[in-house]
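Q: next input, structure requested:
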Amino acid sequence: MMLRIGRCWMAALGLVLATAACGSDDTSGTNQQAAPIKRPRTLENEFTPVELEAMIDDLVAEINEGPIKPMQMTVLLKTIEAFFAPVATGASRAMGELGVTGNVIGAQAVTNDQAAKSEYQNDQIAQTVLDGAEGIGISPFGDDNAAAIDEAIAEGVHVVTLDSDVAQSKRALYVGTINEPAGAAAAATLLKLLPKETPGTVVIHGSTDPTWAPGLERTRGARTVLEQAGYSVVVRSVTWGEGGEDGDVEWMRNEIETADPPVVGLLGLFDVSYWCALAAEAAGKPELPVVAFDFNPKTVDYMNKGLIQATHVQRQYYEGYLVPYILYGINSLGLKATKAILDRHDAMIDGDLVNLGIDVVPGDKVDAYSAFLDEIGATQ
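A: Numbering: from 1, shown residues only. Predicted structure coming up:
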């Protein structure tokens with residue numbers, strides 16, 4: 001059942017995250033034109049993405065120049081827990097501010113089979129269309145979602161992907177991290193910590209999996225920067241699942257002990273970046289510079305211990321928050337006009353990718369960044 005989202009928001013635990021009406025301005029029983037959209041002001045500090053905030057404000061301003069129309073939308077996520085919890089919070093809050101009808105739904109399929117996950121999500125897409133959604137934001141499981149996305153679009157539904165993409169589909173836009181420049185940014189952070197006189201070997205905990213394009217792109221971006229700076233690079237492809245930590249840490253430990261030229265730093269590109277710090281400790285080299293990705297609590301712990309010097313955090317909250325505004329903009333202004341607004345703020349890449357950028361968090365700013373996440377409700 002679809003729930004009416006009002007001007008308030010709440011984050012409900014469970015497989016469906018929704019916001020319910022807090023009341024109505026129409027007490028006379030007659031239809032009135034909806035009030036212009038008003039975004040609450042975001043508290044500004046050193047981590048507030050000022051350009052993203054300005055971009056959303058510009059989008060709202062242009063939407064408000066026309067009639068404010070009702071809209072029904074749904075955001076489909078892989079889950080609404082862990083990494084995706086801030087995404088769900090942001091999407092729920094944005095729908096509340098827009099006053100649209102909709103909800104945020106996590107996949108209910110409990111399985112490790114990728115094809116089964118995609119099939120389940122395809123059923124969710126079809127049901128969402130049947131329920132009358134005019135817009136869908138989706139974090140797809142993979143290319144197997146392309147046909148279902150295209151079928152929704154054929155029914156007149158606007159579709160935007162987030163976090164992961166299905167580029168061969170007819171989706172309007174992808175919103176999230178652009179992996180190759182993100183990997184390059186992480187490598188640039190590590191470069192500042194490495195010896196310049198005698199470049200050695202850098203261990204990247206990345207991906208060489210040919211079936212996982214985002215991992216390959218992020219790893220390629222990092223590797224290119226480091227090799228162009230004169231460093232030798234070795235890559236340990238992340239091992240997900242049971243036994244992955246032990247195997248990857250052991251491989252990196254051995255590399256630290258035997259590499260020629262010697263290892264001078266480690267770079268982790270995914271949520272389990274703290275494994276790099278574990279490897280440095282296991283090799284008796286805790287002083288090696290380690291740069292990480294994401295804000296896993298264990299990564300934060302190692303940063304507080306001084307064993308990880310910086311991390312790079314994807315803007316999950318803004319990923320979820322921006323998608324409903326984009327869907328509403330496409331529905332109200334059209335895709336071309338919406339893209340033009342985003343492009344004015346240098347967010348567009350290759351015509352259909354919306355780059356949210358990443359937050360660079362040095363080790364001495366962990367507490368400040370945690371406070372920022374608390375302020376916007378984006379802790380995971």
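Q: what's the closest non-adjacent residue to Val361?
A: Tyr369 (4.7 Å; C-beta to C-beta, 6 or more residues apart in numbering). Heads up, the C-betas are built off the backbone N, CA and C, glycines and all.
Q: quick one: contacts for that neighbour?
A: The contact partners of Tyr369, taken as C-beta atoms under 8 Å, 6 or more residues apart in numbering, are 47, 295, 313, 359, 361.
Q: hmm, which of those are the buried ones?
A: For these, a neighbour count by 16 or more other C-beta atoms under 10 Å gives the buried set as 47, 295, 313, 359, 361.
Q: the stretch 51-200 of the chain: strands as residue ranges?
A: 72-77, 101-106, 135-138, 158-162, 173-176 (DSSP state E, counting those that start in this stretch).
Q: what's the domain layout of the protein?
A: 16-21+36-177+315-358, 179-314 (automatic domain parsing).
Q: low-confidence ranges, the stretch 1-150 of the chain, go.
A: 1-34, 109-110 (pLDDT under 70).
Q: CSV for the domains of the chain, including distance to Gly377?
A: As requested, those are exported to CSV (distance: least, C-beta to C-beta, whole Å):
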stretch, distance to Gly377
domain 16-21+36-177+315-358, 5
domain 179-314, 14
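Q: between those domains, which gets nearest to Thr379?
A: For the domains of the chain, the distance to Thr379 is smallest for domain 16-21+36-177+315-358, at 7.2 Å, taking C-beta to C-beta.
Q: quick one on the thing from earlier: can you redo the buried ones among the contacts of Tyr369 as JSON lines with secondary structure and distance to Met55?
A: JSON lines is the format used below for the buried ones among the contacts of Tyr369 (DSSP: H, G, I helix; E, B strand; the rest coil; distance: C-beta to C-beta, whole Å):
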{"residue": "Phe47", "secondary structure": "coil", "distance to Met55": "17"}
{"residue": "Phe295", "secondary structure": "coil", "distance to Met55": "23"}
{"residue": "Val313", "secondary structure": "strand", "distance to Met55": "19"}
{"residue": "Asp359", "secondary structure": "strand", "distance to Met55": "16"}
{"residue": "Val361", "secondary structure": "strand", "distance to Met55": "22"}
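Q: and those, which two are furthest apart?
A: Largest separation among the buried ones among the contacts of Tyr369 by C-beta to C-beta: Phe47 and Phe295, giving 11.5 Å.
Q: between those two, which contacts overlap?
A: 361, 369.
Q: just name the most buried of the strands of the stretch 51-200 of the chain.
A: For those, the largest average neighbour count (mean count of other C-beta atoms under 10 Å) is found in strand 135-138, namely a mean of 28.
Q: closest to Lys365 out of the domains of the chain?
A: Closest among the domains of the chain, using C-beta to C-beta: domain 16-21+36-177+315-358, at 7.9 Å.
Q: buried residues, stretch 45-55. List them.
A: 47, 49, 52-53, 55.
Q: pLDDT score for the residue nearest to Val361?
A: Note on Tyr369: pLDDT of 96.
Q: so it sits in a strand?
A: No: counting by DSSP: H, G, I helix; E, B strand; the rest coil, Tyr369 is not found in a strand; it is helix.
Q: so for stretch 326-336, mean pLDDT?
A: The average pLDDT for stretch 326-336 rounds to 97.
Q: need the contact partners of that stretch.
A: 59, 62-63, 66, 69, 71, 73, 98, 100, 134-137, 158, 160, 172-173, 175, 337-338, 341-342, 354.
Q: that stretch: which residues count as buried?
A: Within stretch 326-336, the residues that qualify as buried are 326-333, 335, counting by 16+ other C-beta under 10 Å.
Q: now distance to Ala222 too, for those, in a markdown table please.
A: As requested, those are exported to a markdown table (distance: C-beta to C-beta, whole Å):
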| residue | distance to Ala222 |
| --- | --- |
| Ile326 | 29 |
| Leu327 | 32 |
| Tyr328 | 36 |
| Gly329 | 33 |
| Ile330 | 33 |
| Asn331 | 38 |
| Ser332 | 39 |
| Leu333 | 37 |
| Leu335 | 33 |
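Q: looking at those residues, which are in helices?
A: 326-333, 335 (DSSP state H).
Q: what's around Glu255, how many residues?
A: Neighbour count for Glu255, taken as other C-beta atoms under 10 Å: 17.
Q: residue ranges of the helices in the stretch 251-380 of the chain, please?
A: Ranges of helices within the stretch 251-380 of the chain are 274-282, 297-304, 316-333, 335-344, 366-376, based on DSSP state H, counting those that start in this stretch.
Q: now the fourth one: buried residues?
A: It stands for helix 335-344. 335, 338-339, 341-342.
Q: same check on stretch 81-98?
A: Neighbour-count burial for stretch 81-98 flags 83-98 (criterion: 16+ other C-beta under 10 Å).
Q: likewise for stretch 291-305?
A: For stretch 291-305, burial by neighbour count (16+ other C-beta under 10 Å) applies to 291-296, 298-300, 302-303.
Q: repeat that for stretch 168-185.
A: 169, 171-185.
Q: could you dump the buried residues of stretch 291-305 to TSV with distance to Ile105 and pLDDT?
A: Putting the buried residues of stretch 291-305 into TSV (distance: C-beta to C-beta, whole Å; pLDDT from 0 to 100) gives the following:
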residue	distance to Ile105	pLDDT
Val291	35	98
Ala292	31	98
Phe293	27	97
Asp294	24	94
Phe295	24	94
Asn296	25	92
Lys298	29	96
Thr299	29	97
Val300	29	96
Tyr302	34	97
Met303	33	98
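Q: could you work out the most separated pair of the residues you listed?
A: Checking these with C-beta to C-beta, the most distant pair is Val291 and Lys298, at 15.3 Å.
Q: hang on, Ser169 packs against Gly142?
A: No: if you go by C-beta atoms under 8 Å, Ser169 and Gly142 don't touch, sitting 11.0 Å apart.
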